Every structure is written in structure tokens, then in C-alpha cells.
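Here is my input; please provide its structure:
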Amino acid sequence: MKTRVAFVTGAGQGIGEAIALRLARDGFAVAVADFNPETARQMAEKIIQSGGKAVALKVDVSQRDQVMHAVEEARQALGGFDVIVNNAGIAPSTPIAEITEAVVDKVYNVNVKGVIWGMQAAIKAFATEGHGGKIINACSQAGHVGNPELAIYSSSKFAVRGLTQTAARDLASAGITVNAFCPGIVRTPMWEEIDRQISEAAGKPAGYGTEEFAKRITLGRLSEPEDVAACVAYLAGPDSDYMTGQALLIDGGMVFN
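The predicted model follows:
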């Protein structure tokens, strides 16, 4: 049986790292794509040392040409293309009165354009391979409910949810499903930075932001990256074949729809 191939952006740390490791464990050959080539290399080596197949790729997801090239390189190196996980993202704290053009451009270039370029690259790769596939986008509970101090991040994730729904309708006839995963508060370097910014803006010590957000988690604990990776594994596998256009909340019960 042919090995399935998954391409994961932002796979050098945090949620992306957990996703790459989980998909490798599930039998995927994994293209570990990251802005930081060293962390990508380390992750790919970790997968290979565990008996899996992987390739490391440096990519700035805000740059369309880089994404298109990286996906094609992965397809050729790993012998196919079946799943893309558009996971890369950034989340600066952005009080409304302090938002600048620079921060809007930076966040939207990565969080929104990066998803668009990833979907376009995947569509091309699926067509080259002569079959459909799965597109999985990183959304957030903040893409369902606006989060305080995170106006630009939240709005970028609302955009991802809209893109996911539209692409699902547009691509169904090609055998491509498009879904999103929506984490809550996850123990990652990115969340640590969000906590620092929110706590600092409130004039509180580090950890304040986490405590405030954690009050909203029904299950009473922060998420681990592996919790999110399990959701992505479902979306990448055959059990989700009849699902498309959905943005699955994997947030411990922060948002109820």
C-alpha cells in the first residue's frame, strides 16, 4: 500500500510539531515545513530516527512562490501528496487603539494568505497526482468568538473559517475535503508570548493572561499540543471522509455552538 504524504507548516515547534509527530506515527510520510530551517531539520530527523519518513523544508508561508515550490518539492521527495495542514500562524496582542498597518499586514500575511497559498499549492499537487485529498486549516476558538486583546488574530481566524467553508464548496467536485481545527489555550511557545503581552498590558505578572483565559475552559485544564494533534489526525484520516467545510472546536469546552 502506498504511503500517504502530509505537508505540515509551522511544524518546527508547538502544535505543528505535535501534528507532524502524530501523523508520522499514523503512517504518513511528513514534509516538515517551517520558517526556521533548523527546527524543521531537527523535527524531520526525529521522525526518521523513529522509523518514519520525512523531509525538512524552509518556507515563509506569507510568500506564495515559496509555498508552491515547497509543496512541489515535498511531492517529489516523498513520492506523492495527500494532505496539507496549514498550521503556521502568529498571534500578537493587539488592543484596538494600538493596531498599526504593520501588525495587520504581518498577521494577515501569515495567518490568512499563508492558508490561501497552501490551499492553492495543495490543489495543484492533488491534480498532478490525479486524485483528491484533504486540506486542513488552523483556525481557533478565537475564530468562533472574538477574544479580548486579540482583535487582529481573532479576525484572521474568522477569515480562515470563512475560507474553509468556501473552499469546501468549491473543491468538493475535485474530491478535496476542506476542514479546520480550532484549538483553545495550548501550552506552546506562542501561547507563552501571548500571555506575556496580555499580562504586561494589564499591568499584571506573567501568567495573568493564562489564568483569565483558563477560567473559560470547561474541562478545567489547558490543552497540550497532543490534544490538538489527535483532532488533526482524525481530519487527515479516512474516518473524516464524509466531513467537509467544518471548523472543529478542540478547546476543552471554551466555546459552545
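
What count of nearby residues applies to the nearest residue to Pro37 once chain neighbours are set aside?
Nearest non-adjacent residue to Pro37, counting by Cβ to Cβ, 6 or more residues apart in numbering: Lys58, 4.0 Å away. No exception for glycine: its C-beta is placed from N, CA and C like everyone else's. Neighbours of Lys58 under the rule other Cβ atoms under 10 Å: 16.

doesn't Ala44 make contact with Lys58?
No. Counting by Cβ atoms under 8 Å, Lys58 sits too far from Ala44 to count as a contact (11.4 Å).

what residues do those two have in common as contacts?
Contact criterion Cβ atoms under 8 Å, 6 or more residues apart in numbering; residues shared by Lys58 and Ala44: none found.

Quick one: residues in contact with stretch 54-68.
Counting by Cβ under 8 Å, 6+ apart, residues outside stretch 54-68 touching it are 9-10, 20, 24, 29-37, 40-41, 43-45, 47-48, 70, 73-74, 77-78, 86, 88, 109-110, 113-114, 117-118, 120-121, 124.

The strand ranked longest in the chain - which strands sit beside it in the sheet, and in what orientation?
Longest strand in the chain by number of residues (criterion: DSSP state E): strand 176-183. Note on strand 176-183: by DSSP bridges, its sheet partners are strand 133-138 (parallel), strand 247-250 (parallel).

chain center to that strand, what's the gap?
9 Å (Cα atoms, centre = their mean, to the nearest Å).

which parts of the helix or strand just after it are buried?
Remark: after strand 176-183, the chain's next helix or strand is helix 189-201, criterion DSSP states H and E. By 16 or more other Cβ atoms under 10 Å, the buried positions in helix 189-201 come out as 190-191, 194-199.

Could you identify the most distant pair in these?
In the buried residues of helix 189-201, two members sit farther apart than any others by Cβ to Cβ. They are Met190 and Ser199, at 15.0 Å.

Now do the helices in the stretch 101-250 of the chain.
For the stretch 101-250 of the chain, applying DSSP state H, counting those that start in this stretch gives helices covering 101-108, 114-129, 151-171, 189-201, 208-214, 225-236.

What are the buried residues along the second one?
This means helix 114-129. Those would be 114-119, 121-123, 125-126, for helix 114-129 by 16+ other Cβ under 10 Å.

which helices and strands sit right next to it?
strand 5-9, helix 64-78, strand 83-86, strand 133-138, helix 151-171, strand 176-183 (3 or more Cβ pairs under 8 Å, 6 or more residues apart in numbering; DSSP states H and E).

and those, which is most packed in?
Most buried of those by mean neighbour count (mean count of other Cβ atoms under 10 Å) is strand 5-9; its value is a mean of 31.
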